[in-house]
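> structure for the following, please:
(one chain, ligands or ions: 1)
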Amino acid sequence: MTPGRPFLQIPGPTLVPDRVTRAMSQPMIDHRGPKFAALLREILNGLKKLFKSASGQIVLFPGSGTGGWESCVVNTLSPGDLVLGCVNGYFSDLFCRTAKLHGIEVETLELPYGLGIPADQIEQRLRADSGRRIKAVLVVHNETSTGVTTDVAAIRQAMERASHPALLLVDVVSSLGCIDLRFDDWKLDVALAAPQKGLMMPPGMAILAVSERALQANESAKCGRAFWDWRPVLENNAAGQFPYTPATALLFGMSESLKMIFEEGLENVFNRHARLAEACRRATQAMNLKLFPRNPAEYSNTLTAVSMPDEYDADGFINHMLRRFDLSLGKGLGKARGKLFRIGHLGSLNELELLGALAAVEMALFSFGVKLPLGAGLSAAEAYLLESAPNLPST
Ligand SMILES: Cc1ncc(COP(=O)(O)O)c(C=O)c1O
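Numbering: from 1, shown residues only. Purely as a prediction, here's the structure:
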């Protein structure tokens, strides 16, 4: 038993604010009744605002981000279709594998872990596809395994320069509600997410925004689908219902979480994430540690992936941290296994909470034997948070 606030500093699930927890503990309501219809309408409108989409449709499922991949693939593609799968980490690899498991031919554009997806390489490949065989480009906006954000707007521009009709299917699991994301402006065809990151909710849902073109693709897509089919959900949603018993408690939570995000202001939420991320990066660099992502322009604002110095075992450090401070950090995944630790700073988090986590990282590294100037990290983060503080309204 550790007294006080638990520190869950993995890049999702994040801590669930009390307001969301309380909302989820309301008594159940009839999921075919008018109260439910009103709740659903409000959530769908809120999610559209969150995705910055007036033209897209929202499709919700009980599930997780992994289910979101599957729903995205089976609703837009047919076995034998060719897609360009961009792989720059563990999650983008799994997204592509989901497509392969459904009989899709995936040509991978593989980048070393730590890099974003270069739009010019996508343009080149699409230009070379004179027969227009490539049906879709699969990309992860924020690769949570490496702390790298890809410039998705640039990818859409590259596709336009190549005048290629492929769909743009994007995993926004760890960017939605944290990093700027513009479904309409970037002409995304599918953006799929999950609620346990920027939405500050417990896991348990898949959230998709789908474009008109994606809905057209759904009509001819031949992948087998039943539960993950968008059509029955959209048809039932129009009448304020779902084609099955929905996850009502999670929807109560989602309604509250959307309220909290819009009360703070979406752009303020992005700015808060950006400030906390920069403070975290400055702290880790002041501890003489190296950031895992290679290009500063691609640093993620939802998590910081830190390379463990060669002579130390990253997973051993993470276990030491948990034992000493009951603070969880993200482990290295896939090819980055054992090489790094990931500090999540997304969702419901403020400056002092981040400083608490950074103090723990610094103390745990020091007591694990890593040579660092104790206090330098915390001090760098404090200095940055002071100098970048937004002006308070005068009283
Ligand atoms: C970018 C990204 N995509 C997909 C997933 C998979 O989501 P889930 O674990 O909810 O199935 C994750 C999980 O962390 C993720 O970070």
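> ok, and for stretch 378-392, which residues are buried?
For stretch 378-392, a neighbour-count test (16 or more other Cβ atoms under 10 Å) marks 378, 380-382, 384-385 as buried. All C-beta spots, glycine's among them, are computed from the backbone N, C-alpha and C.
> what is the nearest of those residues to the ligand?
The ligand lies nearest to residue 381 out of those, by Cβ to the nearest ligand atom, at 24.3 Å.
> which ones are touching the spatially most central residue of the chain?
In the chain, the centroid-proximal residue (Cα atoms, centre = their mean) is residue 174; its distance is 1.1 Å. Contact analysis of residue 174 by Cβ atoms under 8 Å, 6 or more residues apart in numbering lists 11-12, 141-142, 144, 197-198, 300, 302-303, 346.
> redo that, cut-off 10 Å
11-12, 65, 91, 140-145, 147, 149, 193-194, 196-198, 300, 302-303, 344, 346 (Cβ atoms under 10 Å, 6 or more residues apart in numbering).
> among the residues you listed, which ones lie close to the ligand?
12, 65, 91, 140, 144, 194 (Cβ under 6 Å from any ligand atom).
> most neighbours out of the residues you listed, which is it?
Sorting these by how many neighbours each has (other Cβ atoms under 10 Å) puts residue 140 first, at 33 neighbours.
> you'd agree residue 139 is up against residue 121?
No - at 11.7 Å, residue 139 does not count as touching residue 121 under the criterion of Cβ atoms under 10 Å.
> the two: which is more packed in?
Shown here are residue 139 and residue 121; by other Cβ under 10 Å, residue 139 has more neighbours (27 against 15).
> got the contact list for the closest residue to that one other than its chain neighbours?
Closest residue to residue 139 apart from its sequence neighbours, by Cβ to Cβ, 6 or more residues apart in numbering: residue 86 at 4.5 Å. By Cβ under 10 Å, 6+ apart, residue 86 lies in contact with 92, 95-96, 108-111, 116-118, 121-122, 137-140, 143, 150, 155, 170.
> any chance you could list residues touching both of residue 139 and residue 121?
Here residue 139 and residue 121 have 84, 86, 109, 155 as joint contacts, going by Cβ under 10 Å, 6+ apart.
> surely the third one forms part of a helix?
Looking back up the chat, that one is residue 109. No - with DSSP: H, G, I helix; E, B strand; the rest coil as the criterion, residue 109 is strand rather than part of a helix.
> would you list the phi and psi of the closest residue to it other than its chain neighbours?
Of all residues not flanking residue 109 in the chain, residue 86 sits nearest, at 5.0 Å (Cβ to Cβ, 6+ apart). Main-chain torsions, residue 86, degrees, to the nearest 10: phi -90, psi 120.
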